[in-house]
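**Student:** Please find the sequence and the predicted model below.
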Amino acid sequence: MRFPAEARLDVHVRYARPSCMGGFAWFTVDFEPLPDGRLGFEFVNPLGPDDIDAECAQEVSNGVLLWLIGTERKDLYSVDCPPLPTAKELDAGVPVLPDAGPGLIALRAVLRHSRVHPVDSLPLTHRLAGWHAADKSWQGVEATGDPMDLAP
């Protein structure tokens with residue numbers, strides 16, 4: 001069985017932390033099953049550097065993949081964050097975290113929209129927001145009242 005069985009479109013995430021460390025990420029991502037019965041993980045970023053820089057886009061991808069393999073939110077801040085599976089491992093089949101449902105990862109994530117802040121759009125912020133986008137999509141987290149989706 002492949003995961004996901006169905007697409008989850010227009011997942012919006014706004015992450016803003018006013019502090020000396022800052023942090024700002026705001027994007028929309030679509031989650032789709034990979035076509036042709038393939039396994040693996042693809043991250044598609046059709047946006048340009050004015051919308052999101054390459055390092056922050058990569059961290060959105062990493063955040064989604066970290067959620068898929070079951071990394072807890074508290075572990076995202078650590079330099080000892082769990083290693084990501086390689087492309088070869090993903091193509092061979094990596095199980096998705098048990099709470100999301102059964103199956104092997106077969107996901108394409110497409111970044112549809114992004115806004116950046118010239119100072120506060122940090123890679124770590126985008127990793128956290130990518131993780132949250134996946135969590136929101138499959139765990140049914142509502143944006144209302146969620147501090148991860150509140151912009152000042």
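**Tutor:** Yep, it's here. Quantities reported herein were computed from a predicted structural model and do not represent experimental measurements.
**Student:** Residue 134: which element?
**Tutor:** Per DSSP states H and E, residue 134 falls inside helix 123-139.
**Student:** ok, and for that helix, which residues are buried?
**Tutor:** The neighbour-count check on helix 123-139 (16 or more other Cβ atoms under 10 Å) flags 123, 125-138 as buried. To be clear about C-beta, it is placed using only N, CA and C from the backbone, and glycine gets the same treatment.
**Student:** sec struct for residue 10, please.
**Tutor:** strand (DSSP: H, G, I helix; E, B strand; the rest coil).
**Student:** Can you give me the neighbour number for the closest residue in space to residue 102 that isn't next to it in sequence?
**Tutor:** Counting by Cβ to Cβ, 6 or more residues apart in numbering, residue 102 lies nearest to residue 1, which is 5.5 Å off, once chain neighbours are set aside. Neighbour count of residue 1, defined by other Cβ atoms under 10 Å: 9.
**Student:** what's near enough to touch residue 1?
**Tutor:** By Cβ atoms under 8 Å, 6 or more residues apart in numbering, the residues touching residue 1 are 102-104.
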